[in-house]
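Participant: build the 3D model from these lines:
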Amino acid sequence: MDLSKEDGLMWRPDEHRRGSRQSRDGGKPVHSVAVPLMADVEDSGQQQSAQDQLVQDVSSTAVLTPLDDDLVGEPQEVDDRGNWSGRFDFLMSLLGYSVGLGNVWRFPYLAYNNGGGAFLFPFILMFILLGFPLMFFELGFGQFAALGPAAIFDRICPILNGIGYGMVAVSAMVAFYYTVIIAWAFLYMFKSFTSELPWERCHPDWSTESCYSHKDASECTVVNGSLYYKQRCYNETEVNIFNISSLASNKSDRATPSQDYFEHGILKMSDGINDIGMIRWQIMLCLALTWTLTFLSLSRGVKSVGKVVYFTALFPYLVLTILFFRGVTLDGSKDGIIYYLTPQFDKLIEAKTWVSAAVQIFFALSPAWGGLITLSSYNKFHNDCYKDALIVGVGNICTSVFAGFVIFSIVGYLAKELNMPVDEVVEQGPGLAFIVFPDVVTRLPLPPLWSFLFFFMLITLGMGSEFALLETVMTAVQDTYPPFRAKKVYVVLVVSILGFLGGLAICAEGGMYVLQLMDTYAASYGVFIMAILECIIIAWIYGADRFLQDLEMMIGRHSRAWHLFFTTFWKFLTPATLIFLLAFNFYDYSRMKYGHKVYPVWAEIVGWFMAFVPVVIIISMGVWKFLRTPADKSLQEKIRRMFHPTNKWGPAHKVPKFDLDVETGKARTVTNPGFGTPETRI
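Facilitator: As a prediction, this is how the structure comes out:
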């Protein structure tokens, strides 16, 4: 679709090529003069030199020094959204957003469950097909227009402006339960400040009959002939009378103290989602602490976030490295690592393996969640977002693989300690972080120290991602209502209070069932649909070649192969892969379970509603936008207008552009192609 013919509806990068025209108000010949833009500079030495100078002198927040005070006026000012203090602030924020809890507890389980070392092949392939193209697109998209998702889609494709608000809705839903997981980590960290961890032994306040404490068992067996069974130490006589030896040999009904402590001591889990129960006050207080720290970190804007994320993004790597060297020195760690790396190639013929790899890429890099667009919108105009996407994307994959070594070295040790196969030790999600690891640290020297380090790492991993999720929501509010930019503290405060209140249901005794429901549906089908629509907008409606020219305006020219690569992926390979994944997820649907408990029908309906909230938003806002078009327009004109970029679309770059009156030699107008109004546009 050729959009360049619609005069007045969009910023056109070829406007500055026009030599002269008639003045609108006097009929005098005037010349359109402009600083040459990167995408349009001809291959001559003199013009290339001017381009290079422009790249060095101009940023998204700096105004060019006028060539002549009498000739050039001041560019139009725009509302200040703020910028990162430096490129590394952005990189650390992006790394903190991309590297999260999923790298530690989700990837290792998926690798084990989908072919071990063979899973790396579909995982890397899905990164190439989906992760990297979508990540680079969103980083360049947000940086080019300096807008968050709520505003940017309204400018490039008005009929689909609901995509941005759909992304904000997904980020908000994920933030609700993500903060509760961080609150659990805070609670465990506080419980670690003791000489003996609470879950080292079975306590009657929360333990079940199956609770088996290895510490109590070790102390019991010191006495010859004694055996530990059902939380009691039987002497030699009792062992013979009650045949305790045969009973104790059955290890299938054993539960670790860490499992009972998490489910009954911390959560006090109810029988199902139908029974929400009372709010656990300790979790509620830790949730309040989480939101308080989030408020303090975000209330000063992206500059303050840029400083905090240096710690939240880098500290987890320090802890992972410490845990790695400790893990590989444990007895049995080799078995766990071998199990992790052993490829099961038969798994590669199963569609589920490829779907799992793609879903993990979405969880890892978070395309179509709005966070990438939001973070990049605060970049300076000439930041190299292409290199950023490569660095963070490859870094995320390496982090996942490295975390797998850490996890399985420790799981191998635990399997040997429990005298059971490795595949029976590994659990997914919260089970890995709050059951397996707490049990492992009780078997290490100085358990409280290892427990503190691990849960502090979870907190920093979670907070890094949480900052980006909340910044997405707040940027949407401020871009939709620009006067709120001057009142960011109040915006952050309101969002934090609403987030705290929204998370209270997950702090209840039935909160785990709510969390699992949200984690399954909140960022699922709707995210795939929004990613497909993004590809359609940028590759087919706006034009992949045109968008690549926009990107080159920021990061410089690239080879023809570079153009061909992204054009092919954005137009064909990426959307085709997404459509397959979406179709397979529908085909493979089954009723949701947690443990052995099947969710009721009403809970499934709520889950599906959460999944399609973005779709409802997109359709409703598209209809509303269409109905608001001028009534005197024909249906064809309305459709054309709704699929064309508006006259506000353009680069967030304060490049002076002016009309030079030949007779007087004076500049009549000064505009910015990204923010100029129709009246001042050349």
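Participant: which helix or strand in the protein has the lowest average pLDDT?
Facilitator: strand 20-22 (a mean of 37; mean pLDDT, DSSP states H and E).
Participant: is it true that residue 158 touches residue 649?
Facilitator: No. With contact defined as C-beta atoms under 8 Å, residue 158 and residue 649 do not form a contacting pair (9.9 Å). (Each C-beta comes from the backbone N, C-alpha and C, glycine too.)
Participant: compare the two and say which is more crowded by neighbours.
Facilitator: The neighbour comparison of residue 158 against residue 649 (other C-beta atoms under 10 Å) goes to residue 649, with 25 against 22.
Participant: give the contact list for the closest residue to that one other than its chain neighbours.
Facilitator: Spatial nearest neighbour of residue 649, excluding adjacent residues (C-beta to C-beta, 6 or more residues apart in numbering): residue 155 at 4.2 Å. Counting by C-beta atoms under 8 Å, 6 or more residues apart in numbering, residue 155 touches 145, 147, 645, 646, 648, 649.
Participant: now do 7 Å
Facilitator: Contacts for residue 155 (C-beta atoms under 7 Å, 6 or more residues apart in numbering) come out as 145, 645, 646, 648, 649.
Participant: pLDDT weak spots in the protein?
Facilitator: Regions of the chain meeting the criterion pLDDT under 70 cover residues 1-82, 250-252, 301-306, 426-429, 653-682.
Participant: go again using 50 as the cut-off
Facilitator: The model of the chain has pLDDT under 50 over residues 1-79, 655-662, 665-682.
Participant: how about the strands in it?
Facilitator: 20-22, 29-34, 227-229, 232-234, 593-594, 597-598, 657-661, 667-671 (DSSP state E).
Participant: returning to what we had before: of all the contacts of residue 155, which two lie farthest apart?
Facilitator: Spatially, the most separated pair among the contacts of residue 155 is 145 and 646, at 11.4 Å (C-beta to C-beta).
Participant: and those two? Which one has more around it.
Facilitator: Neighbour totals were compared for residue 145 and residue 646, and residue 145 leads with 25 against 18 (other C-beta under 10 Å).
Participant: tell me the contacts of that one?
Facilitator: 152, 155, 652.
Participant: redo that, cut-off 6 Å
Facilitator: 152, 652 (C-beta atoms under 6 Å, 6 or more residues apart in numbering).
Participant: likewise for residue 399?
Facilitator: Contact analysis of residue 399 by C-beta under 6 Å, 6+ apart lists 99, 103.
Participant: next, the contact list for residue 133, please.
Facilitator: Counting by C-beta under 6 Å, 6+ apart, residue 133 touches 569, 574.
Participant: can you rerun that using 10 Å?
Facilitator: Residue 133 sits next to 127, 367, 389, 535, 565, 566, 568, 569, 570, 573, 574, 577 when contact means C-beta atoms under 10 Å, 6 or more residues apart in numbering.
Participant: go ahead and confirm the third one touches residue 142.
Facilitator: By that I understand residue 389. No. Using C-beta atoms under 10 Å, residue 389 makes no contact with residue 142, being 11.9 Å away.
Participant: what do those two both touch?
Facilitator: In contact with both residue 389 and residue 142: 372, 376, using C-beta under 10 Å, 6+ apart.
Participant: ok so, going back, from the contacts of residue 155, which is closest to residue 505?
Facilitator: Closest to residue 505, out of all of these and judged by C-beta to C-beta, is residue 145, at 36.6 Å.
Participant: residue 338 - how many residues pack around it?
Facilitator: The burial count for residue 338: 14, using other C-beta under 10 Å.
Participant: what's the closest non-adjacent residue to it?
Facilitator: Excluding the flanking residues, the one nearest residue 338 by C-beta to C-beta, 6+ apart is residue 412, at 7.9 Å.
Participant: shouldn't the one you found be in contact with residue 329?
Facilitator: No. In this structure residue 412 lies outside contact range of residue 329 using C-beta under 10 Å: 11.9 Å.
Participant: these two: which is more packed in?
Facilitator: Neighbour tally, residue 412 and residue 329, criterion other C-beta under 10 Å: the higher count belongs to residue 412, 25 against 10.
Participant: so who does that one touch?
Facilitator: Residues in contact with residue 412 (C-beta under 10 Å, 6+ apart) are 327-328, 330-340, 422, 425.
Participant: show me just the buried residues among those.
Facilitator: Neighbour-count burial (16 or more other C-beta atoms under 10 Å) is assigned, among the contacts of residue 412, to 327, 328, 330, 332, 333, 335, 336, 337, 339, 340, 422, 425.
Participant: how close does the nearest residue to residue 600 once chain neighbours are set aside get to residue 238?
Facilitator: Leaving aside its sequence neighbours, residue 600 sits nearest to residue 274 (C-beta to C-beta, 6+ apart; 6.3 Å). Per C-beta to C-beta, to the nearest Å, residue 274 is found 43 Å from residue 238.
Participant: and what of residue 349?
Facilitator: In terms of C-beta to C-beta, residue 349 sits 54 Å off from residue 238.
Participant: surely residue 313 touches residue 457?
Facilitator: No. Look at residue 313 against residue 457 with C-beta under 10 Å: they stay out of range, at 11.8 Å.
Participant: one step back: of the contacts of residue 133, which belong to helices?
Facilitator: 389, 535, 565, 566, 568, 574, 577 (DSSP state H).
Participant: geometric centre of this structure: which residue is closest?
Facilitator: By C-alpha atoms, centre = their mean, the chain has its centre lying nearest to residue 366, at 3.6 Å.
Participant: next up, the contacts around that residue.
Facilitator: Residues in contact with residue 366 (C-beta under 10 Å, 6+ apart) are 97-98, 100, 102, 131, 134-135, 138, 167, 170-171, 174, 372, 396, 465, 468-469, 472, 523, 527.
Participant: which ones are touching residue 325?
Facilitator: Contacts of residue 325 (C-beta under 10 Å, 6+ apart): 406, 409.
Participant: between the ones in helices among the contacts of residue 133, which sits nearest residue 118?
Facilitator: The closest of the ones in helices among the contacts of residue 133, once distances to residue 118 are taken by C-beta to C-beta, is residue 577, at 19.2 Å.
Participant: give me the number of residues near that closest one?
Facilitator: Residues contacting residue 577 under the criterion other C-beta under 10 Å number 21.
Participant: what's the closest non-adjacent residue to it?
Facilitator: Leaving out its chain neighbours, the residue that sits closest to residue 577 by C-beta to C-beta, 6+ apart is residue 129, at 5.0 Å.
Participant: same question for residue 276.
Facilitator: The nearest residue in space to residue 276 (C-beta to C-beta, 6+ apart) is residue 510, at 4.2 Å.
Participant: from residue 524, how far off is the one you found?
Facilitator: Relative to residue 524, residue 510 is positioned 22 Å away (C-beta to C-beta).
Participant: cool, residue 128 as well?
Facilitator: 22 Å.
Participant: and for residue 474?
Facilitator: From residue 474 to residue 524 the distance is 24 Å (C-beta to C-beta).
Participant: could you do residue 560 as well?
Facilitator: Taking C-beta to C-beta, one finds residue 560 at 38 Å from residue 524.
Participant: more neighbours: which of those two?
Facilitator: Neighbour comparison, residue 560 and residue 524: the larger count goes to residue 524, with 20 against 7 (by other C-beta under 10 Å).
Participant: my read: that one touches residue 615, true?
Facilitator: No. Assessed by C-beta under 10 Å, residue 524 is found out of contact with residue 615, at 11.5 Å.
Participant: overlap of the contact sets of those two?
Facilitator: Joint contacts of residue 524 and residue 615 (C-beta under 10 Å, 6+ apart) do not exist.
Participant: coming back round to it: what's around the residue nearest to residue 276, how many residues?
Facilitator: Look at residue 510: counted by other C-beta under 10 Å, it has 21 neighbours.
Participant: go on, residue 288?
Facilitator: When counting by other C-beta under 10 Å, one arrives at 16 neighbours for residue 288.
Participant: please consider this matter closed, and thank you.
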